[in-house]
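> Based on what follows, work out the 3D shape:
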Amino acid sequence: MSKTHILFFCLFILTSSTKLLANNQLRKIFISAEKQVWQPDSASYKKLYGQLNEYSLQPYLDQKRLLHNVKLKNAFEINEFLIKYKNTPLDWPLRKKWLKYLAIKQHKKLFLSNYLPNNNVKLTCLYYRFQLDSGISKNIILPKVTKLWLIGESQPKECDPLFKQWEKGGYRTEGVVWQRVKLAANGGKHTLIPYLTKFLPKELQYYAKLWHKVRRDPDYIRHLNKFPKKSAKSSEILTYGLKRLIWRNPKKALIVYKKAIKIYSFSKKQQQNIIQKFAQALASKKHSDARYWLDKIDNEELTDNLVQWQLVDVLKVQNWHVIKKKLQSMPVKYHQKLQWKYWYARSLLATNEIQLANKLLIDLAKKRHYYGFLSASYLNKNIDIQDKPLIFSEEQKKVVLQYPAAKRAFELFYLHRFQQARREWHYWLSQLSSQNKLVAAKVAYEKGWYDRSIFTLAEEGYLDDVTLRFPQAYNQEINFFAKNNKISPSWAFAIARRESSFMSDAYSDAGAYGLMQILPSTAKFLLRNKKTSHHYLFNVKNNIKLGTKYLRQLLSKQKNNFVLATASYNAGPYRVKAWLKKQKSIPADIWIESIPYKETRDYVKSVLAYQQIYQSRNEKHESLFDQVITMKIGG
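Numbering: from 1, shown residues only. Below is the predicted model of the structure:
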């Protein structure tokens, strides 16, 4: 290397280090300023604030200060801030508090000028009320109120005066009330139904009470004498009840349906709805009548879910001539799906139509997908993950990073304020072209913000940059704990990728935390009854340590069967044990396809495919799917 090159390299390192030091120093100043923002007039705060004039997160200090001082005397400054940061993540927290303050103080004109459409029902009701008070015609406002009223649960008390005006205007019709009764019964709050019933004429009140009884207990439909004959509403309520009862008590639902179909005039659509739900429920429960109901479904009424259960029903018997015939009879639109092609190829192999089977398998093996990897193994071909990296210039990256929202997003990410960072990210992307969104995804990967890269590529439909879509995030920790627990690192990577897309602060509706989505109950078990906090589980090292330990335990419990262990990680070992009960020995791909829970079925397919990709990325050329195609489960 020449002296010139050495000098340039040293200057580059020095500049980068200085910039990094400056950024770290600014972050420390920002955090210190945040702690003093409640004393904005103090000399200490003013000094810190002044040092942040070039720092991207300085507006968050302004926002916090204004949030703490939402008063009329600050109206001008608040208004200026809301104009400058309109629709950014900085906007709504302050605008919401400001609107609430103005509503309490009855500053209607200011409220109306600061209001923007939002999902806050209270503020929306107040907006319509103030519009009416300002003289805007009822004919313009009141029709919009119907949408607010038509919801299957109670609305806030702030809406009551508006609803009274709406009612006086004649908008609360019998049809609208009945519509809301149905919304409350079908997925809403059933406790709202008695309140709504009193607004209906006497003959309809009876049906509303029926809805309420069936909503509370679908078993009530066994009292068919309570449902007036030749009534469209009786048929509607019975359809609803039968669709719920079939999941709770199949035997009783089948008996009631057999009687009801002779007495009531169900429409063709209602009959198909009942048939579809019966087929789905009975198939998932492996009921002996499932095939009868699956065969009753009209081809034009088939959904992906029902096609799945039709497929599973014929796969169970492993009569490949029957399987082939059933697949051929499915609607043509399903013939293009990878799932259909794979199983049709399998049926062709089993019935000695080797040439046509291989043609399908060769086409499938080109796909970076669960069924593609299975097909490659049947052909004894190497896995081709078909990586097509995105390549962008430094100038392209620099352009997208000039957006203020980009700067705020990455700074918040560096401060581990992930939720705020993601809000800024979404706002930033809303300003970018499709091409620049891909540039942003590449930048996110390079800066270690892997989940944004993964999600953005998926949203933009670019799926061929394998490095970006399947990053080896937390590589050191995953490799260490996977090897320590004697499991494949590729499996641990695949689980983390499927569970959270490497979001260390991920939290699920089921109450699971962190990178590998650990339940507190699972953590307590793994830590021998030691309780843990969500902070403990959000810690990457702790989460990976527990996740890999749990995978090791599941693998041991399932006699080193990684397919069953993967299913157990998602559905729980006791459910998997129940699925295996009385299960005859069947090929693993058929068992996977027959998993009763769609979530777990898709999960197992994804994790196996991801694991194969991670293995291939690590230059391990052996195929995981060679094991899958020879594996038997059950027996």
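> pull the CA atoms of whichever helix or strand residue 492 is part of into PDB?
Element membership for residue 492 (DSSP states H and E) is helix 489-500. What follows is helix 489-500, C-alpha atoms only, in PDB (Å, rounded to 0.1, in the frame of the first residue of the first chain):
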ATOM      1  CA  PRO A 489     -27.500 -22.900  14.900                       C
ATOM      2  CA  SER A 490     -29.400 -22.900  11.700                       C
ATOM      3  CA  TRP A 491     -32.500 -24.200  13.500                       C
ATOM      4  CA  ALA A 492     -32.200 -21.500  16.200                       C
ATOM      5  CA  PHE A 493     -31.800 -18.800  13.500                       C
ATOM      6  CA  ALA A 494     -34.900 -20.100  11.700                       C
ATOM      7  CA  ILE A 495     -37.000 -20.100  14.800                       C
ATOM      8  CA  ALA A 496     -35.900 -16.500  15.700                       C
ATOM      9  CA  ARG A 497     -36.500 -15.400  12.100                       C
ATOM     10  CA  ARG A 498     -40.000 -16.900  12.100                       C
ATOM     11  CA  GLU A 499     -41.000 -15.800  15.600                       C
ATOM     12  CA  SER A 500     -39.900 -12.200  15.600                       C
END
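> contact partners of that helix?
By CB atoms under 8 Å, 6 or more residues apart in numbering, the residues outside helix 489-500 that reach it are 451, 454, 470, 472-474, 478-479, 481-483, 502, 506, 512, 514-517, 544, 547-548, 551, 562, 566, 569, 603, 606-608, 610-615, 618, 620. (Each C-beta comes from the backbone N, C-alpha and C, glycine too.)
> Where does the prediction get shaky in the protein?
By pLDDT under 70, the low-scoring segments of the chain are 1-21.
> and the residue lying closest to residue 130 once chain neighbours are set aside, how far is that from residue 510?
The shortest distance from residue 130 to any non-neighbouring residue, by CB to CB, 6 or more residues apart in numbering, is to residue 108 (4.4 Å). Per CB to CB, to the nearest Å, residue 108 is found 45 Å from residue 510.
> and these two? which has more neighbours close in?
Per other CB atoms under 10 Å, whichever of residue 108 and residue 510 has more neighbours is residue 108, with 17 against 7.
> ok, back up a step: which residues does the residue nearest to residue 130 contact?
By CB under 8 Å, 6+ apart, the residues touching residue 108 are 102, 130, 133-134.
> Can you give me the neighbour number for residue 589?
With other CB under 10 Å as criterion, residue 589 counts 24.
> Isn't it up against residue 374?
Yes. Using CB atoms under 8 Å, residue 589 is in contact with residue 374, at 6.2 Å.
> shared neighbours of those two, which are they?
Contact criterion CB under 8 Å, 6+ apart; residues shared by residue 589 and residue 374: 628-629.
> So which residue is smack in the middle of the protein?
Centroid-nearest residue in the chain: residue 508, 9.3 Å away (criterion: CA atoms, centre = their mean).
> thinking that one is in contact with residue 517, fair?
Yes. Residue 508 lies in contact with residue 517 (CB under 8 Å); the separation is 6.0 Å.
> So which of the contacts of residue 108 belong to helices?
Among those, the ones falling in helices (DSSP state H) are 102, 130, 133.
> Can you say which of these are buried?
The neighbour-count test (16 or more other CB atoms under 10 Å) marks 102, 130 as buried among the ones in helices among the contacts of residue 108.
> wait, which of the ones in helices among the contacts of residue 108 is closest to residue 78?
Nearest to residue 78 among the ones in helices among the contacts of residue 108, counting by CB to CB, is residue 102 at 10.0 Å.
> Any figure for the gap between the closest one and residue 50?
Taking CB to CB, one finds residue 102 at 32 Å from residue 50.
> again, but for residue 503
Applying CB to CB, the value for residue 503 to residue 50 is 36 Å.
> Those two: who's more crowded?
residue 503 (22 against 10).
> The more buried one looks like it's in a helix, true?
No. Checked against DSSP: H, G, I helix; E, B strand; the rest coil, residue 503 lies outside a helix; its state is coil.
> Just list the residues touching it, thanks.
Residues in contact with residue 503 (CB under 8 Å, 6+ apart) are 418, 451, 515.
> In CSV: those, plus secondary structure and neighbour count.
Shown next, in CSV, are the contacts of residue 503 (DSSP: H, G, I helix; E, B strand; the rest coil; neighbours: other CB atoms under 10 Å):
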residue, secondary structure, neighbour count
418, helix, 19
451, helix, 21
515, coil, 31
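> for the stretch 451-600 of the chain, what spans make up the helices?
With DSSP state H, counting those that start in this stretch as the criterion, the stretch 451-600 of the chain has helices at 466-469, 475-484, 489-500, 520-526, 534-538, 540-557, 562-571, 573-580, 588-593, 598-617.
> got these as JSON lines, with distance to residue 395 columns?
Below are the helices of the stretch 451-600 of the chain laid out as JSON lines (distance: least, CB to CB, whole Å):
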{"stretch": "helix 466-469", "distance to residue 395": "20"}
{"stretch": "helix 475-484", "distance to residue 395": "29"}
{"stretch": "helix 489-500", "distance to residue 395": "31"}
{"stretch": "helix 520-526", "distance to residue 395": "47"}
{"stretch": "helix 534-538", "distance to residue 395": "37"}
{"stretch": "helix 540-557", "distance to residue 395": "34"}
{"stretch": "helix 562-571", "distance to residue 395": "44"}
{"stretch": "helix 573-580", "distance to residue 395": "52"}
{"stretch": "helix 588-593", "distance to residue 395": "47"}
{"stretch": "helix 598-617", "distance to residue 395": "29"}
